[in-house]
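1. return a 3D structure for these sequence lines:
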Amino acid sequence: MADEEVRSRRRDAAATRQAILDSARDAFARRGYDGVGVREIAAGAGVTAMLVNRYFGSKEQLFLEVVVGAMNSPEVLRPELIERKDVPRALAEALVRRTGYGDPAPEGLLILLRALSNPVATRTAREQIERHHHRQVAEVMDGPHAPERAALVLSTVVGFQVMRQMYGLGALADADPEVLADLLTAQLEQLFSQGSEDSQG
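-> The predicted structure is shown next:
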């Protein structure tokens, strides 16, 4: 009986922790780091602010865990795409497919963009981008300047998402999806193949 009570408490603790993370992810995506407080996050999870601090220690630590969670569940830069031999085409098609104007922007992207208003949140987001997406892309690149080229890939992905999905830039939002995928593939191929071309030269 005692063992069952321990397991029950652990399940409840895990569920409470996840409820707090879910509430924080939603709040940070909607209002940014500066726009939301611990009490609001706690209310969204159905707990007290004291319990949030007990589980996570601080709003900064909670934000860190939310960002790490977002990095581990990407909409586009998924490991199975990055590791494919035809990664430029795979990324291009995934981007076009997931960035229709008016479709909800990924929470992870919104969290990162809205972190820019706060230096602490910006530093946290940058460190996690470097540790996750940037490292993963750089590792599949051959040749020189892989970190720089990987950073340009990330810039292309985020810029495309913002301009097409969030701003609805006409030339992107109204374009033929196949044409967009072809153009984007060509741009990404340059970045992914630049190293091998340089080494051959």
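
2. can we go C-alpha only for contacts and neighbour counts from here?
-> Noted.

3. and Q128, how many neighbours does it have?
-> As a burial measure, the neighbour count of Q128 was computed by other C-alpha atoms under 10 Å and equals 18.

4. could you look up the SS state of it?
-> Assigned by DSSP: H, G, I helix; E, B strand; the rest coil, the conformation of Q128 is helix.

5. where's the spatially closest residue to it that is not a sequence neighbour, which helix or strand?
-> Distances taken as C-alpha to C-alpha, 6 or more residues apart in numbering put V68 closest to Q128, at 6.7 Å, once the chain neighbours are dropped. Assigned by DSSP states H and E, V68 belongs to helix 59-71.

6. so where's this protein shaky on pLDDT?
-> Counting by pLDDT under 70, the chain contains low-confidence residues at 1-11, 195-201.

7. where do the helices of it begin and end?
-> 2-31, 38-45, 49-56, 59-71, 79-82, 87-98, 107-114, 119-129, 135-139, 146-160, 170-173, 177-200 (DSSP state H).

8. show me what the fifth one is packed up against.
-> What that stands for is helix 79-82. Counting contacts by 3 or more C-alpha pairs under 8 Å, 6 or more residues apart in numbering; DSSP states H and E, helix 79-82 is packed against helix 87-98, helix 135-139.

9. just put those helices in TSV and tack on distance to N72.
-> Written out in TSV, the entries for these read as follows (distance: least, C-alpha to C-alpha, whole Å):
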stretch	distance to N72
helix 87-98	17
helix 135-139	12
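
10. pick the most deeply packed of these.
-> For those, ranked by mean neighbour count under the definition mean count of other C-alpha atoms under 10 Å, the leader is helix 87-98 at a mean of 20.

11. what angle separates that helix from helix 146-160?
-> Using axes from the mean of the first three to the mean of the last three C-alpha atoms, to 10 degrees, the interaxial angle of helix 87-98 with respect to helix 146-160 works out to 20 degrees.

12. how far is helix 87-98 from where the chain is centred?
-> Chain-centre distance of helix 87-98: 16 Å, with C-alpha atoms, centre = their mean, to the nearest Å.

13. use 46 as the first number from now on
-> That works, and once the first residue is 46, the last one we named lands at helix 132-143.

14. CA atoms only for that helix, dumped as PDB, please.
-> The C-alpha coordinates for helix 132-143 follow below in PDB (Å, rounded to 0.1, in the frame of the first residue of the first chain):
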ATOM      1  CA  VAL A 132      18.100  17.700 -46.400                       C
ATOM      2  CA  PRO A 133      17.700  20.900 -48.500                       C
ATOM      3  CA  ARG A 134      14.600  19.500 -50.300                       C
ATOM      4  CA  ALA A 135      13.200  18.000 -47.100                       C
ATOM      5  CA  LEU A 136      13.500  21.300 -45.200                       C
ATOM      6  CA  ALA A 137      12.100  23.300 -48.100                       C
ATOM      7  CA  GLU A 138       9.100  21.200 -48.500                       C
ATOM      8  CA  ALA A 139       8.500  21.000 -44.700                       C
ATOM      9  CA  LEU A 140       8.700  24.800 -44.500                       C
ATOM     10  CA  VAL A 141       6.300  25.500 -47.300                       C
ATOM     11  CA  ARG A 142       3.900  22.900 -46.000                       C
ATOM     12  CA  ARG A 143       3.800  24.300 -42.500                       C
END
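
15. since that was my last question, I'll sign off now.
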